[in-house]
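[1] how would this look folded up:
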Amino acid sequence: MPYEGELASKSSHSDIVRNPDVAAFLAGCKYLKPPSDEEIGLAVARFQVPPPIEEIPLAEHIIAIDGSYYESSIDDKLPSTKVGYVKIGCVLIDLAQFSTLRDEQTGWVDPLRVARLKEGSSPLTFTLPSANIRWGDETSVRESFRRAVDTHLYGEATRFNPSDPATSLRSTLFHLASRRTGAMSTGDPRVLRLHGCPTCQRGPLDVHDVEGPQSCPNCGAAVYPTDCLRIWEEISDFQSNAEALSRFMLVVEHLLPIHYIRFLAENSPTALSSLAVFIDGPLAIFGNPAWLHGPIMQYLAETNLRLEDSGQQGPIVIGLQKTGQVVDHVSLLDRFLPNNRLFSIDDDYRYEQILIGREQSANGFGSETYYGQDFVFKTLSGRSFVFSLPYPFLVKNEPDTRFVDAKTDLGRYPELPRALALIQHFESDLYENAVVPIALAHRYTAISLVPGGRVLDLLSKRNLPVNA
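    Below is the predicted model of the structure:
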């Protein structure tokens, strides 16, 4: 590895090129599976012409959600001392307003009008203790992190009505947790069941949607409703907790759409028919909070069924993937694909072409993490998108339904044409295979290392008490 600032030689590769041992090694290598035009043809043949979308009405209001996190180092002394920052951007786009961005005479987009879109953004910022930081009278990073997470999700910043705690993001977590199956189910959106107390590990125990910490009946230690996410299990007192910050960010990114949908379902259900939500990444939750994927899937399916019974359409929820194994695979295949093609990725294809060599899951890909189906869509203009739509099921093991087959059936996704029309309408040249809502959400959310990160470093240093 070079020293910092040292530039690599432009001719250092010549020794490798002339080395006979390198040539001999390469001559002795063989393909595990020889690449062929036949493989490409079989892959391309899985794609089909999507349903017509030219006359599909677009959602009137679009919410885009994207998150970013940064772990700020206080100084370079030991032990390492860090504070975590998580920012979640929520951008609301009114389609009528968006349609006026382009000047009808010149065809150019008005930058001042684009700048005004920021007025529709509403970022949430969470400050969390990380390495060697304790909050208030707590005695460890782990206890401080647990308390901070619960305080943030219960706080006024996440409430639709600041004076009503029942409109907090934590209350939405209660609504989801009450839908858990088996022994963890409460059936009551005001009661949430924990596996066990984080201090004595005894349980299960129930907690309620009330302000302040509650006590474990066995050891008397504080317990918090958000302990159910079990992110605290990954917290270390003196090491980087970037992984936990990432987990927390992911959870909030997926809770927020349900939070908005819950509020509208309770107060203005007709508005849901004109709503679309873009989430950055697949419709999946990983790690200890992965159990949330099942209740989210169920809640969305329940909401759609209620709207369908009243003759209305449900909201469109789209997970848009910018990176990952599927995106990498599509980038290799893209030049062979005709425009205007769609593919619902089935498990056989995923394990044969994308996750080559990985043993196929007996319960189907993403059985413990995904609440949405992955699709590949190449638009009329030739841009390719990997996106997800929520599975249209209350549970994955519905009677008389083989989930691994049913999840890829295009006919089960009535919102698919609307989703395709929305993606094609908002496709953007700003980034490779980007859509405008996600690009804007990322723009107003991303914490750059420079200067954003340095500013947060300075903020942390100046505001942290000397004797903390």
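[2] alpha carbons only for contacts and neighbour counts from here, please
    Fine.
[3] Please identify the nearest residue in space to residue 289, excluding sequence neighbours.
    residue 229 (4.8 Å; CA to CA, 6 or more residues apart in numbering).
[4] In this model residue 287 seems to touch that neighbour, though I could be wrong.
    No: Residue 229 is beyond contact range of residue 287, at 9.4 Å (criterion: CA atoms under 8 Å).
[5] which one of the two has more residues nearby?
    residue 229 (22 against 14; other CA atoms under 10 Å).
[6] ok, now how distant is the more buried one from residue 250?
    Look at residue 229 and residue 250: by CA to CA, to the nearest Å, they are 11 Å apart.
[7] ditto for residue 314
    Residue 314 sits 24 Å away from residue 250, going by CA to CA.
[8] Next, give phi and psi for the residue nearest to residue 289.
    Main-chain torsions, residue 229, degrees, to the nearest 10: phi -70, psi -20.
[9] Retrieve the pLDDT associated with it.
    Per-residue pLDDT puts residue 229 at 97.
[10] rewinding a little: neighbour-wise, which of residue 314 and residue 250 wins?
    Between residue 314 and residue 250, counting by other CA under 10 Å, residue 314 is the more crowded of the two (25 against 21).
[11] Quick check: the more buried one is in a strand.
    No: under DSSP: H, G, I helix; E, B strand; the rest coil, residue 314 falls outside any strand and is assigned coil.
[12] residues contacting it?
    272-273, 303-304, 307-308, 415 (CA atoms under 8 Å, 6 or more residues apart in numbering).
[13] ChimeraX command for the buried members of these?
    Applying 16 or more other CA atoms under 10 Å to these, the buried members can be selected in ChimeraX as follows:
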select :272,273,303,304,307,415
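[14] Looking at the contacts of residue 314, which are in helices?
    Among these, DSSP state H puts 303-304, 307-308 in helices.
[15] if I read this right, residue 235 contacts residue 241, doesn't it?
    Yes: using CA under 8 Å as the test, residue 235 is close enough to residue 241 to be in contact (6.0 Å).
[16] Just the mean pLDDT for stretch 37-52, thanks.
    90.
[17] For residue 293, which residues are in contact?
    Per CA under 8 Å, 6+ apart, neighbours of residue 293: 284-285, 368-371.
[18] so which of these is the most crowded?
    Ranking the contacts of residue 293 using other CA under 10 Å puts residue 371 first, with 28 neighbours.
[19] How about residue 85, nearest residue that isn't a chain neighbour?
    residue 127 is the one closest to residue 85 (CA to CA, 6+ apart), at 4.7 Å.
[20] Is that neighbour in contact with residue 86, as I believe?
    Yes: in this structure residue 127 lies within contact range of residue 86 using CA under 8 Å: 6.5 Å.
[21] Mind checking which of those two has more residues around it?
    residue 86 (23 against 18).
[22] just to revisit the earlier point, give me the distance between the residue nearest to residue 289 and residue 150.
    Relative to residue 150, and taking CA to CA, residue 229 is found at 10 Å.
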